[in-house]
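Novice: This is the structure alone, sequence omitted:
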């Protein structure tokens, strides 16, 4: 079998293996776990093969889906609004990545060395997946433009299958670090990335990306590590604008007293002081990303990152405690994260000042 490879057939064989185990199992709790894994894998496999094209949804229908998702996170609205308010003029600009000559082995070695630099606890849990890398990781040369990586986890066998898209820039390293973060948190708490924590399930992965950038810069002096942090932050500012547009439209609809009946009626709510038609179109034409989920995780990742710069041990211990939080709904999970001292946007201005300094250094180096 080729090194660093698995296919959808690998997962189909895994489904067959789990079905056989289910048939023999007598313990009801184990049977339920196996049944859940079988269902999740079959759903993933169906999605992989689903190539049917759909007509473009009406904006009013897309808004109903947006509204359902964002209303369920109403406890985060003030955080979303504060992030957007504080970040919409960051005084940094996007930079261009260079092409990268990093091989698959280079990406795996760099990722290994980065996780080793954390502490024994996280490195030990990282290694539980990394030891299986030859047939549990696949690199894709033509990844999806949006989802450049994925971690498929199986609770009953304690496995994670990772797919890593290659753009042949330093992004490939960050994707590898990101997906191994999901696999690592899965080893610490298999329930950590369950749906009822969806708005926070990316926290560890985005935090590890930030740490991974600093590690790579320190090891190589390659300024593309700073480019990645800067560009990523600018993307999240764009995400925040979209999330806040939807919140704005929800509030305007409540004032109208009825659901929007047309795109025109939705556009009429926009003013020069609120959101542009261009942002409106971007939000609805490219509606496949759960901006509200990634943004919530990113706000927490920033706070963990700034804490790490002050006190590495405390930050990693706090992250461990966050991962181990269990058996609570999403709002309770949010409250417990705040009780651990991770307050969204508390360190945002300091974080952006650091990025501005890194951006100015890039300007001097590249000109």
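Specialist: Good, I have the coordinates. Since the model is a prediction, treat every value here as computed from it, not as a measurement. Numbers count the residues shown, from 1 in each chain.

Novice: Check what pLDDT residue 314 gets.
Specialist: In this prediction, residue 314 carries a pLDDT score of 98.

Novice: now residue 12
Specialist: Reported pLDDT at residue 12 in the predicted model: 88.

Novice: go on, residue 147?
Specialist: In this prediction residue 147 is given a pLDDT of 61.

Novice: Next: residue 30.
Specialist: The predicted local distance difference test score for residue 30 is 93.

Novice: Quick check: it touching residue 155?
Specialist: No - using CB atoms under 8 Å, residue 30 makes no contact with residue 155, being 10.4 Å away. From N, CA and C alone the C-beta is placed, and that goes for glycine too.

Novice: what's near enough to touch residue 127?
Specialist: Applying CB atoms under 8 Å, 6 or more residues apart in numbering, we find residue 127 in contact with residue 115.

Novice: so is it in a helix, a strand, or just coil?
Specialist: helix (DSSP: H, G, I helix; E, B strand; the rest coil).

Novice: Just the helices from the stretch 51-200 of the chain, written as ranges.
Specialist: With DSSP state H, counting those that start in this stretch as the definition, the stretch 51-200 of the chain shows helices at residue ranges 59-71, 77-87, 104-116, 120-130, 133-136, 171-188.

Novice: Would you mark the buried spots in the first one?
Specialist: Neighbour counts over helix 59-71 (16 or more other CB atoms under 10 Å) mark 59, 62-63, 66-67, 69-70 as buried.

Novice: So which of those is the closest to residue 244?
Specialist: Proximity of those to residue 244 (CB to CB) peaks at residue 70, which lies at 9.9 Å.

Novice: Let me know the distance separating the closest one from residue 229.
Specialist: Residue 70 sits 27 Å away from residue 229, going by CB to CB, to the nearest Å.

Novice: what does residue 354 give?
Specialist: 9 Å.

Novice: Who has more neighbours out of those two?
Specialist: In terms of neighbours (other CB atoms under 10 Å), residue 229 is the more surrounded of residue 354 and residue 229; the figures are 22 against 16.

Novice: you'd agree that one is up against residue 213?
Specialist: Yes - in this structure, residue 229 sits in contact with residue 213. The criterion is CB under 8 Å, and the distance is 5.0 Å.

Novice: if we can go back for a sec, using JSON lines, lay out the helices of the stretch 51-200 of the chain together with mean pLDDT.
Specialist: Listed next are the helices of the stretch 51-200 of the chain as JSON lines, based on pLDDT from 0 to 100:
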{"stretch": "helix 59-71", "mean pLDDT": "91"}
{"stretch": "helix 77-87", "mean pLDDT": "95"}
{"stretch": "helix 104-116", "mean pLDDT": "97"}
{"stretch": "helix 120-130", "mean pLDDT": "97"}
{"stretch": "helix 133-136", "mean pLDDT": "94"}
{"stretch": "helix 171-188", "mean pLDDT": "96"}
